[in-house]
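> 3D, please:
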Amino acid sequence: DGVETENEIRRNFGVKVRASNSLLNVDTTPSVFWVTNPDNVLEGNAAAASQHYGFWYSPVEHPEGPSYDPSICPRYANIL
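Now for the predicted structure:
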């Protein structure tokens with residue numbers, strides 16, 4: 001959605017993420033870690049053997065879906 005902030009995502013290992021043709025369009029090129037708001041801490045994480053991407057930063061202009069809020073703008077948040 002893009003409203004997630006101030007989370008600490010540390011010391012995770014993601015492996016063997018594969019594409020799916022049955023869900024959203026973005027699921028055809030998946031990533032192990034998909035980040036939509038850079039106002040979070042990612043530290044010491046590793047991604048291996050993903051079919052497409054290990055880390056994907058896709059900051060949205062405003063949160064999408066049920067969390068939509070035009071006053072929040074993740075695209076211009078600082079990357080920590």
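> roughly how far apart are the closest residue to Pro74 other than its chain neighbours and Asp1?
What sits nearest to Pro74 in space, not counting adjacent residues and going by Cβ to Cβ, 6 or more residues apart in numbering, is Asn37, at 4.0 Å. Every residue, glycine included, has its C-beta placed from N, CA and C. Here Asn37 is placed at a distance of 9 Å from Asp1 (Cβ to Cβ, to the nearest Å).
> This protein: strands as residue ranges?
With strands called from DSSP state E, the chain shows them at 8-10, 13-15, 31-35, 41-43, 46-48, 53-57.
> In CSV: the ones you listed, plus mean neighbour count, distance to Asn78 and mean pLDDT.
Formatted as CSV, these follow (neighbours: other Cβ atoms under 10 Å; distance: least, Cβ to Cβ, whole Å; pLDDT from 0 to 100):
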stretch, mean neighbour count, distance to Asn78, mean pLDDT
strand 8-10, 11, 16, 97
strand 13-15, 12, 24, 97
strand 31-35, 18, 13, 92
strand 41-43, 13, 12, 94
strand 46-48, 14, 23, 97
strand 53-57, 15, 13, 93
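> Out of these, which is closest to Tyr68?
strand 31-35 (18.4 Å; Cβ to Cβ).
> what helices or strands is the closest one leaning on?
strand 13-15, strand 46-48, strand 53-57 (3 or more Cβ pairs under 8 Å, 6 or more residues apart in numbering; DSSP states H and E).
> Redo these as JSON lines? Include distance to Pro66.
Shown next, in JSON lines, are these (distance: least, Cβ to Cβ, whole Å):
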{"stretch": "strand 13-15", "distance to Pro66": "26"}
{"stretch": "strand 46-48", "distance to Pro66": "28"}
{"stretch": "strand 53-57", "distance to Pro66": "22"}
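> Export the strands of the chain to TSV and append columns for distance to Ser22.
Compiled in TSV, the strands of the chain are given as follows (distance: least, Cβ to Cβ, whole Å):
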stretch	distance to Ser22
strand 8-10	27
strand 13-15	21
strand 31-35	18
strand 41-43	28
strand 46-48	23
strand 53-57	19
